[in-house]
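Visitor: fold the following, please.
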Amino acid sequence: MEKILFALCEGPHDVAFLYRILRVNGLQKYSKPIGEFPDPLNKYFASEAAGEGLEQLKLEEARNRRLPSEVLARGNDALVLLYAIGGDSKAEFRRKLLQDIARMYGRRPPEEKKIETGTAAECSVLYFFDADSKGIAARFQEICRELSGILGLTVSLSADSPQYRHSNGITYAAHIFAEAGKPTGKLENILLPLMRQGDEEIFHRAESYVELHDPKRLPRLKVVEMGNGQLTEVRDEKKKGKYHRNKSVIGIAAQLQNSGSTNTVCIKHSDYLTRNKIVSDPSCQEIWHTFEALIVPTP
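Guide: Model (predicted):
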C-alpha cells in the first residue's frame, strides 16, 4: 500500500456514513485476516487484539482496544481505517493512538531508534467532528490545540486550509460535519435530509411518532432495596437516557427495512441512501474530496 489513512470519528454512525461514501466512490471492504495486513499494521493490530495485562481489565475495558471499526481499500494504492473513538471525552484515547501512529509511520532522525516498519507508505490522520453549537471554527481550534499538545508544536488547521504536514512526514487534516450553509450542526443534519429524499411520507410519519417523546421518561429505572428485603424500582436522575430527535427519526424509519437493528446498521445498509444521492450531494462530495486528497496517489 502506498498510502495509509487513519480516520478518527466520534461514533459508529459517522463510521457507517463514511463507509457508504467511500464504497460508492469505488473503495472495497478490506476483509483480510490481521496477519495479512501490511506491515507494521499486522503486528500492531495483533498486539492490540491480544492486549497487555488483559486479565486485569474489566470486560468493557477489554472491548475498548485501539482497533478500527471498518477498513476499506482503494485497490493496492491506499488503505482507509475508520475508527469510532468518541468525542470530547476521548482525548486520551486519541492521544495514545496518535502516538502509536507516529511511532509506526513517523520519519525520525537517523540517530534515533525507530521501529522497523518495512514500508514506505505515506500516512495521514483525518479527524471527523460535529460542529454542534460550538461552530466549525471553534471545532478546528479544538483539534489544533489537541494536536499541538500531542505533537509538541503549533498546528494550524481550518476550513479554508484543512491540511497540515508535520515534519515527521505524517499529514493531519480535519472535516467538520455541519448543516448545509451553516457554521453549526452535526452529522444528522446531512444524513436525515439525504435519507428523506424520495421517501418523504415515511419520514413524515416517523417524525409524527417521535412527537410522543416524554422527557420525564429519560431517567432510567433502577432496582433498589427498600430495607426490608423487598425490591422496588425508581427513576435514576443521575443516569438518563439520551434523546436526539433526528437520530430517533432515522431509527424509526429504518426499522421498516432492518428490524431490531441499530442506527449504525441502518445507515450502512438502508436504501434510503443510494449512490445517486451520495454522489450528487454537495456535503458528501466535500467529504469525498477530503478523502481523495489524502488517498489518491499524485500522478
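
Visitor: how close does T262 sit to E237?
Guide: In this view, T262 and E237 are 26 Å apart by C-beta to C-beta, to the nearest Å. Using the backbone N, CA and C atoms, a C-beta is placed for each residue, glycine as well.

Visitor: whoops, V210 was the one
Guide: 23 Å.

Visitor: same check, this time on I250
Guide: 28 Å.

Visitor: ok, T262 and E237, which is more surrounded?
Guide: T262 (14 against 9; other C-beta atoms under 10 Å).

Visitor: quick one: low-confidence residue ranges for the protein.
Guide: 51-65, 108-120, 161-165, 167, 298-299 (pLDDT under 70).

Visitor: run the last query once more with 50
Guide: Per-residue confidence for the chain (pLDDT under 50) gives these ranges: 109-118.

Visitor: now do the phi/psi pair for the residue of it positioned farthest from its centre.
Guide: What lies farthest from the middle of the chain is N228; by C-alpha atoms, centre = their mean that is 48.0 Å. Torsion angles at N228 (phi, psi; degrees, to the nearest 10) stand at phi -110, psi 20.

Visitor: okay, and the beta partners of R220?
Guide: For R220, the beta-bridge partners under DSSP bridges are D236.

Visitor: that one: how many residues sit nearby?
Guide: 14.

Visitor: likewise for the one 10 residues further on?
Guide: The criterion is other C-beta under 10 Å. On that basis, Q230 has 8 neighbouring residues.

Visitor: and it, how far from D236?
Guide: Distance from Q230 to D236, by C-beta to C-beta: 18 Å.

Visitor: for the stretch 51-200 of the chain, what spans make up the strands?
Guide: Using DSSP state E, counting those that start in this stretch, the strands of the stretch 51-200 of the chain run over 70-74, 78-84, 122-130, 163-165, 171-177.

Visitor: can you dump the C-alpha atoms of the first one in CSV for me?
Guide: Included here for strand 70-74 are C-alpha records, laid out as CSV according to Å, rounded to 0.1, in the frame of the first residue of the first chain:
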residue,chain,number,x,y,z
GLU,A,70,-14.1,-0.7,9.3
VAL,A,71,-11.2,-0.9,6.9
LEU,A,72,-11.5,-0.2,3.1
ALA,A,73,-9.0,-0.3,0.3
ARG,A,74,-8.6,1.6,-2.9
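
Visitor: ok, residues contacting it?
Guide: 1, 15, 19, 22-23, 26-30, 79-82, 295-296 (C-beta atoms under 8 Å, 6 or more residues apart in numbering).

Visitor: redo that, cut-off 6 Å
Guide: 15, 19, 22, 27-30, 79-82, 295 (C-beta atoms under 6 Å, 6 or more residues apart in numbering).
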